[in-house]
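>>> Need the 3D shape of this:
(one chain, ligands or ions: 2)
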Amino acid sequence: MPPCGQYGDDVSDVFHLDLTRADLDGATLAILPGDPGRVPKIAERFDEHVHLASNREYTSHLARADGAPVVVCSTGIGGPSVSIAVEELAQLGIRTFLRVGTTGALQPDIAVADVIVTTGAVRLDGASRHFAPLEYPAVADLTCATTLVEAARSLDLTVHTGVTASSDTFYPGQERYDTVSGYVRREFQGSAEEWTRLHVLNYEMEGATLFTQCAANGWRAGMVAGVLVNRNTQEIPDPSVHDVVEANAVSTVVEAARRLVSSS
Ligand SMILES: O=P(O)(O)O[C@H]1O[C@H](CO)[C@@H](O)[C@H]1O
Ligand SMILES: O=c1cc[nH]c(=O)[nH]1
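Numbers count the residues shown, from 1 in each chain. Ligands and ions are numbered 1, 2, ... in the order given. Predicted coordinates for the structure are as follows:
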């Protein structure tokens, strides 16, 4: 066991990701989709890629952008699982984390298949409190956010920037009534309208943990999400739009990763 905080070349497999430092071949940037099924779709957008490991919700590939190694690793759903992926990837040398996901828009002018680059997240989650007190802001790294925006624009995508609400639950925490019980706790009743009035752009489930954990450790993090549904018109996303939404977000993060590794 290395001394606390001193992770070097001798690290054996990290506990959940089933990866070693040697597997990453010196990579310092990771792309983090939530869905393990999205990992090969992202990795194959690079020049070459190889499957590294699959354990629980964590599937990882090593890809190359003009020779530079880039890790693609799924995080599963929610703050607790993303926090494990980030910690274990950081133990192996990753210092820049780009989350790519899907989201539900709150502002009426945001359309399905647009992309959202988050500048800061409302900490509705529990896991971020394990890294810093609630007064600490969940903010994206400026270079990561700017690069994601430039990447989206270079692809002629409609990109929105601003604040995201990160909820621990998909249903009550995002004020969805279309459930078995149909019940949303009083704390969350009216919350979607309030976040909308406060100019929050969207709901998702990992950003607040990712940003707080990374900022508190001095690591860089950015996040782009494809809009699956606009909550002003619909509660549950329509599966028929999923592929185009995912493709827009994936294209953005791949282009941003290329730019970040080529400039480092
Ligand atoms: O598409 P992903 O990355 O999973 O992101 C969003 O989708 C999941 C919920 O359906 C949550 O993880 C949410 O953050
Ligand atoms: O509405 C949505 C869509 C995707 N992911 C979420 O967390 N919420």
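>>> where does the stretch 101-250 of the chain come near ligand 2, residue by residue?
Contacts of the stretch 101-250 of the chain with ligand 2, taken as C-beta under 6 Å from any ligand atom, map to 102-104, 170, 174, 203-205, 228-229, 237. In this view, the C-beta of every residue, glycine as well, is placed from N, C-alpha and C.
>>> where do the strands sit along this protein?
Secondary structure of the chain (DSSP state E): strands at 29-33, 48-55, 58-65, 68-73, 96-105, 115-123, 138-139, 159-166, 202-204, 220-230.
>>> How about this structure: which residue is closest to ligand 2?
Gly104 (2.2 Å; C-beta to the nearest ligand atom).
>>> could you measure that residue against Leu198, distance?
16 Å (C-beta to C-beta, to the nearest Å).
>>> These two: which is more packed in?
More crowded of Gly104 and Leu198, by other C-beta atoms under 10 Å: Gly104, with 25 against 11.
>>> Let me see the contact set for the closest residue to Cys214 other than its chain neighbours.
Excluding its sequence neighbours, the residue lying closest to Cys214 (C-beta to C-beta, 6 or more residues apart in numbering) is Ala221, at 3.8 Å. Going by C-beta atoms under 8 Å, 6 or more residues apart in numbering, Ala221 touches 96-99, 140-141, 144, 210-211, 213-215.
>>> So what sits opposite Ala221 in the bridge?
Ala221 has these beta-bridge partners by DSSP bridges: Phe97.
>>> Residue nearest the middle of this structure, spatially speaking?
Closest residue to the average C-alpha location of the chain: Arg99 at 2.6 Å, with C-alpha atoms, centre = their mean.
>>> Just the pLDDT at that one, thanks.
If you check Arg99, the pLDDT there is 99.
>>> so it makes contact with Thr75?
Yes: using C-beta atoms under 8 Å, Arg99 is in contact with Thr75, at 7.4 Å.
>>> rewinding a little: using TSV, lay out the residues of the stretch 101-250 of the chain next to ligand 2 together with pLDDT and distance to Thr164.
Below are those laid out as TSV (pLDDT from 0 to 100; distance: C-beta to C-beta, whole Å):
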residue	pLDDT	distance to Thr164
Thr102	98	12
Thr103	98	7
Gly104	98	10
Phe170	98	14
Gln174	98	12
Tyr203	98	7
Glu204	98	6
Met205	98	10
Leu228	98	14
Val229	98	15
Pro237	93	16
